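Enquirer: can't give you the sequence, but here's the structure:
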């Protein structure tokens, strides 16, 4: 039946089925048009891992793989929160020290006041939420630019950390549950169960989405592409769990060291939650709309001010979780917690992963991919025993390159109509 005959009879025209070839051509067309997504981050990971593996073969060891996951966890979680702020075209320069403030509150409650962890953790996250509420109110309601507000908070929170820690005292964290977050591993069986749940859940979502779109006559990815995604995730997750379940201890007869770090499922849960919020809720669509054109969003009836305030609240809440993970990793909190390069690395992680500094473009997965790039750079340069100057230069160059790619891709997308 031709499209003309269908139109004469008043029936809806059938939606052409996408083939593997057309899907590839469409993807290449989007890339040429400036819609490159996370491609630079993925290619960067491949290149960096290859270079460091050749120069230092120990980079590929199972012990170093586990270190990469735990070392990059705090920055990755903070970057996840920053995605929400970047999506609306704003910036939060205080996220690093906000995580330090929340970590200090946690440590003081645990150590000084002997408050149990299941009370201390919600309080610390609640402090982060209040911080975000104040910052968001000043930006959305008072009208102060986010750069100025968060820069002031960046300076103020440094003083707050010093005040909480009595001008430089190191507060030890000895709670077993908190310590386990970044320093302990799941039993190998639990790791495989986590892998099965992750792979099964991903496969179910992909296949159900494909079936629904196909049955409704909507354009859907070819089944081969969907199965290819599932296969790729299966290989990556399965290989990761297998490697992490290998013995990493040099003296296993005295102390065994194997299994997936507990921080991994925490990041996975946060990633799933943020991905669902951004991709499957009206709230997520509002964030993208505001980042794309705030005035158009306001005229469309979107409560712009409330959404902007909530974005800062989510950012600071996730910063608090990042601070808790950092406190777990170090088993202590000091005046440098959340300071130094934490904020710069978190912003770099989001941008390197593919989130735009101009707003309206980004995913929670970008924070994970960008965080992996940052972790690989730091870990690899440490293994090569490079000087601090070269570490800063290399990380800054990668961030500048990512920002440049973002600017050029947006210009290309606008010129070709893909934006």
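Expert: Thanks, I have the structure now. Predicted model, so just to flag it, every value in this text is computed and none were measured.

Enquirer: How many residues are close by residue 296?
Expert: 11 (other CB atoms under 10 Å). Bear in mind the C-beta positions are built from the backbone N, C-alpha and C, glycine included.

Enquirer: repeat for residue 204
Expert: Residues lying near residue 204 (other CB under 10 Å) number 11.

Enquirer: pLDDT wise, what is it at?
Expert: Note for residue 204: predicted pLDDT of 94.

Enquirer: in which helix or strand would I find it?
Expert: Residue 204 is located in helix 188-215, with elements delineated by DSSP states H and E.

Enquirer: repeat for residue 357
Expert: With DSSP H and E as the criterion, residue 357 is inside neither a helix nor a strand.

Enquirer: what's the following helix or strand after the helix holding residue 204?
Expert: Sequence order places helix 223-244 as the next helix or strand after helix 188-215, per DSSP H and E.

Enquirer: in stretch 169-182, what counts as buried?
Expert: Residues 171, 173, 175, 178-179, 181-182 are the ones in stretch 169-182 that count as buried (16 or more other CB atoms under 10 Å).

Enquirer: what's in contact with it?
Expert: The contact list for stretch 169-182, computed with CB atoms under 8 Å, 6 or more residues apart in numbering, reads 70, 73, 104, 106-108, 110-112, 117, 120-121, 165, 261-263, 266, 324-334.

Enquirer: Ok, stretch 376-394 next?
Expert: So stretch 376-394 is in contact with 45, 48-49, 51-52, 55-56, 58-59, 64, 67-68, 71-72, 341, 345, 395, 398, going by CB under 8 Å, 6+ apart.

Enquirer: Next, the buried residues of that stretch.
Expert: Buried, per 16+ other CB under 10 Å, within stretch 376-394: 376-381, 391, 394.

Enquirer: End to end on that stretch, go ahead and measure it.
Expert: 12 Å (CA to CA, to the nearest Å).

Enquirer: on that earlier part again, report the buried members of the contacts of stretch 169-182.
Expert: Buried among the contacts of stretch 169-182 (16+ other CB under 10 Å): 70, 73, 104, 106-108, 110-111, 117, 120-121, 165, 261-263, 266, 324-330, 332-334.

Enquirer: and those, which of them are in strands?
Expert: Judged by DSSP state E, the buried ones among the contacts of stretch 169-182 include 332-333 as members of strands.

Enquirer: Identify those among the buried ones among the contacts of stretch 169-182 that sit within helices.
Expert: The helices, defined by DSSP state H, take in 70, 73, 104, 106-108, 110-111, 117, 120-121, 263, 266, 324-330 from the buried ones among the contacts of stretch 169-182.

Enquirer: Contact partners for the spatially most central residue of the chain?
Expert: Nearest residue to the geometric centre of the chain (CA atoms, centre = their mean): residue 367, 2.5 Å. Residue 367 is in contact with 76-77, 79-80, 82-83, 349-350, 353, 355, counting by CB under 8 Å, 6+ apart.

Enquirer: Need the per-residue pLDDT for it.
Expert: On the pLDDT scale, residue 367 is placed at 92.

Enquirer: Surely it is within a strand?
Expert: No - if the criterion is DSSP: H, G, I helix; E, B strand; the rest coil, then residue 367 is helix and not within a strand.

Enquirer: gap between stretch 53-63 and the chain center?
Expert: Here stretch 53-63 is found 25 Å from its chain centre; the criterion is CA atoms, centre = their mean, to the nearest Å.

Enquirer: Distance across it, terminal residue to terminal residue?
Expert: 14 Å.

Enquirer: buried ones in that stretch?
Expert: 56, 59, 62.

Enquirer: Other residues contacting it?
Expert: Against stretch 53-63 from outside (CB under 8 Å, 6+ apart): 49, 52, 64, 243-244, 246, 248, 257, 379-380, 383-384.

Enquirer: mind listing what residue 141 touches?
Expert: 305, 309.

Enquirer: is it fair to say it lies in a strand?
Expert: No - Residue 141: not assigned to a strand; according to three-state DSSP it is helix.

Enquirer: Kindly tell me how buried residue 222 is, as a neighbour count.
Expert: Neighbours around residue 222, by other CB under 10 Å: 17.

Enquirer: Roughly how far does it sit from residue 199?
Expert: 21 Å (CB to CB, to the nearest Å).

Enquirer: Then residue 111?
Expert: Separation of residue 111 from residue 199 (CB to CB): 40 Å.

Enquirer: likewise residue 167?
Expert: 50 Å.

Enquirer: got it, and residue 206?
Expert: Shown here: residue 206 relative to residue 199, a distance of 11 Å by CB to CB.

Enquirer: hang on, the earlier thing: direction-wise, compare the helix holding residue 204 with helix 223-244 and give the angle.
Expert: 170 degrees (axes from the mean of the first three to the mean of the last three CA atoms, to 10 degrees).

Enquirer: buried residues in helix 188-215?
Expert: Buried residues in helix 188-215 (16+ other CB under 10 Å): 188, 190-192, 194-195, 198-199, 202-203, 206, 210.

Enquirer: No further questions, thank you.
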